[in-house]
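> Following is a predicted model, sequence given first.
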Amino acid sequence: MGRSQTNLAWEVLLDLSGAGPRHERLARALRTAIRDGVLSDGAALPPSRQLAEDLDCSRWVVTQAYAQLVAEGYLGARTGSATRVRWSAEPESPAGPPASAPALPRYDLAPGLPDLRAFPRQRWLDALRGVLSVVPHSDLGLPVPGGHPRLRTVLAAYLRRCRAAAAEDVLICTGVTDGVTRVCRALRAAGITRIAVEDPGWPRLRRAAESAGLTVVGVAVDNDGLCVERIPVGVRAVIVTPAHQFPSGTVLSAPRRAGLLAWARDVDGLVLEDDYDAEFRYDRRPVSTVQGMDPARVVLLGSVGKTLSPALGIGWAVIPPQWTQRVRDANPAASAPPVLDQLTFAIFVEDGAYDRHLRAARLRYRSRRDILVTTLGPTRVSGAAAGLHLLLHLADGTDAAAVVRRAAANGLHVADLDTYRFATGEPALVLGYGNLADNTVADAVRVLHAAEDAAGSAPP
């Protein structure tokens with residue numbers, strides 16, 4: 001690998017003020033830059049003719065300054081090669097070891113991630129090349145508010161085909177959290193001050209609503225999903241995950257769906273449907289969206305964070321027509337994913353690569369879930385055969401937080417169910433298997449059992 005071009009010192013600003021001849025002032029400025037670390041060891045200085053032209057001085061001024069610093073040991077010069085810095089300051093006192101990135105766990109059972117090893121790099125690269133070969137120059141300017149028209153059209157067709165959504169106009173955002181934040185700002189501007197969320201549920205959606213100025217109210221979840229009848233009087237908005245509730249793993253039942261829409265009509269309210277894990281159902285076909293049943297009362301939110309990678313930062317929101325302008329007005333400076341990424345995803349969907357990726361991922365996750373359930377013991381596990389996580393119920397009296405700590409000490413990342421609750425409850429862990437390698441399932445479970453045993457036998 002060649003030397004990094006960032007090791008060139010051609011653009012360093014030099015302070016030539018002060019007394020003395022110009023070649024001495026230049027030598028002093030370069031010496032200071034070297035001592036202060038602005039010019040690091042090995043940095044290449046510009047040729048004397050180039051620097052003389054930049055400083056509007058004679059070449060002699062530069063060669064004299066370079067010669068002086070070579071003699072002092074700050075610079076090294078060799079015929080046919082650039083003049084380079086050959087000096088670095090030793091710290092006067094030890095500063096301790098450099099900060100390092102947190103160590104990655106050996107076994108990743110944290111929820112919320114897909115299989116990052118399976119990201120379709122080559123197909124994504126092919127789609128990106130296709131975009132770059134045909135994209136007009138006008139698309140390389142500032143992003144269009146609301147998302148590129150091509151991706152909006154492609155996603156609308158995809159959501160109608162695969163999720164039975166009533167998607168005529170799709171807003172492109174950077175993820176579900178971003179979409180929730182935008183809608184909650186519009187709710188606040190419309191005078192709605194309280195919003196219900198599932199308990200347990202994703203804390204970041206709760207924080208998104210709070211950041212928009214809303215008061216968040218937790219509503220219990222049971223085996224049929226959100227307990228609609230427990231939404232407090234006066235609340236006119238709710239965030240739900242009907243396809244696969246996080247983290248309980250339940251699916252919103254048909255009676256609850258009907259009840260949720262009846263509630264929204266009765267209070268003139270709005271349902272924010274996070275289409276979480278909708279693509280991954282292993283025992284039967286995924287249920288369709290609630291939004292498709294009443295598009296005037298439901299906002300549909302989704303992203304590629306659980307299907308491809310959260311690093312892409314691509315999400316979408318299908319907003320009822322009467323709320324579209326309100327959402328725009330409440331978010332005048334909203335950001336959007338990079339245009340090239342939007343267009344790449346559009347091609348990825350159009351040519352069927354996204355469908356093929358999801359089919360392969362569905363088979364892989366189903367097999368991995370079956371292995372994990374069998375290894376853990378089916379009687380300890382709950383949650384529909386869907387998504388990328390399940391619940392592991394611990395013995396009564398077990399300190400789930402202690403299990404998490406002991407597991408982490410042995411390289412296993414798991415999550416305490418209490419992390420997602422408004423209040424503590426029966427001990428359980430949320431196990432995400434999306435980013436867990438198949439050949440490590442047995443070893444990960446052994447570490448988990450050891451952590452349970454240690455936490456169970458530890459003194460209170």
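Okay, I see it. Numbers count the residues shown, from 1 in each chain.

> what sits against residue 365?
Contact analysis of residue 365 by CB atoms under 8 Å, 6 or more residues apart in numbering lists 115, 280, 282, 388, 433-434. Where C-beta positions appear, they are placed from N, C-alpha and C, glycine not excepted.

> ok, now how distant is it from residue 137?
41 Å (CB to CB, to the nearest Å).

> before we move on, back to that, out of the contacts of residue 365, which sit inside strands?
When these are checked against strands (DSSP state E), there are no matches.

> how many neighbours does the residue nearest to residue 250 when sequence neighbours are not counted have?
In space, residue 250 comes closest to residue 225 once its chain neighbours are excluded; the distance is 5.1 Å by CB to CB, 6 or more residues apart in numbering. By other CB atoms under 10 Å, 23 other residues sit near residue 225.

> Wait, residue 225 touches residue 252, no?
Yes - here residue 225 reaches residue 252: they are 3.5 Å apart, a contact under CB atoms under 8 Å.

> list residues touching both of those two?
240, 242, 245.

> ok, so what distance separates the last one from residue 455?
Same thing as residue 245. From residue 245 over to residue 455 (counting by CB to CB), the distance is 27 Å.

> Domains in the chain, by residue range?
Per automatic domain parsing, the structural domains of the chain span 11-85, 107-111+355-457, 137-352.

> In a markdown table, list these along with distance to residue 123.
What follows is the domains of the chain, written out as a markdown table (distance: least, CB to CB, whole Å):
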| stretch | distance to residue 123 |
| --- | --- |
| domain 11-85 | 39 |
| domain 107-111+355-457 | 7 |
| domain 137-352 | 7 |
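
> deepest of those, which one?
Highest mean neighbour count among the domains of the chain (mean count of other CB atoms under 10 Å): domain 137-352, with a mean of 19.

> So what does the nearest residue to residue 54 once chain neighbours are set aside look like in phi/psi?
Excluding the flanking residues, the one nearest residue 54 by CB to CB, 6+ apart is residue 46, at 7.3 Å. Dihedral pair for residue 46: phi -70, psi 160, per degrees, to the nearest 10.

> Read off the pLDDT value for residue 46.
You'll see residue 46 listed with a pLDDT of 89.

> again, but for residue 10
For residue 10, the predicted pLDDT is 65.

> Next: residue 92.
48.

> got it, and the one 10 residues further on?
Listed pLDDT for residue 102 reads 60.

> cool, and residue 421?
Value for residue 421, per-residue pLDDT: 96.

> Enumerate every residue touching the spatially closest residue to residue 263 that is not a sequence neighbour.
Leaving aside its chain neighbours, residue 263 sits nearest to residue 228 (5.6 Å; criterion: CB to CB, 6+ apart). Going by CB under 8 Å, 6+ apart, residue 228 touches 256, 259-260, 263.

> Which ones among the residues you listed map onto helices?
256, 259-260, 263 (DSSP state H).

> between those, which is closest to residue 450?
residue 256 (39.5 Å; CB to CB).

> Throw the shared contacts of residue 225 and residue 252 into CSV and include secondary structure, thanks.
Listed next are the shared contacts of residue 225 and residue 252 as CSV, based on DSSP: H, G, I helix; E, B strand; the rest coil:
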residue, secondary structure
240, strand
242, coil
245, coil
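
> and which of those is nearest to residue 84?
residue 245 (61.1 Å).

> so the closest one makes contact with residue 252?
Yes - with contacts counted by CB under 8 Å, residue 245 reaches residue 252, the gap being 7.1 Å.

> now the end-to-end length of stretch 264-282.
31 Å (CA to CA, to the nearest Å).

> so for that stretch, what's the average pLDDT?
95.

> Check stretch 229-239 too.
The model assigns stretch 229-239 a mean pLDDT of 97.

> Show me how far it is from its chain's centre.
The gap between where stretch 229-239 is centred and where its chain is centred comes out at 29 Å by CA atoms, centre = their mean, to the nearest Å.
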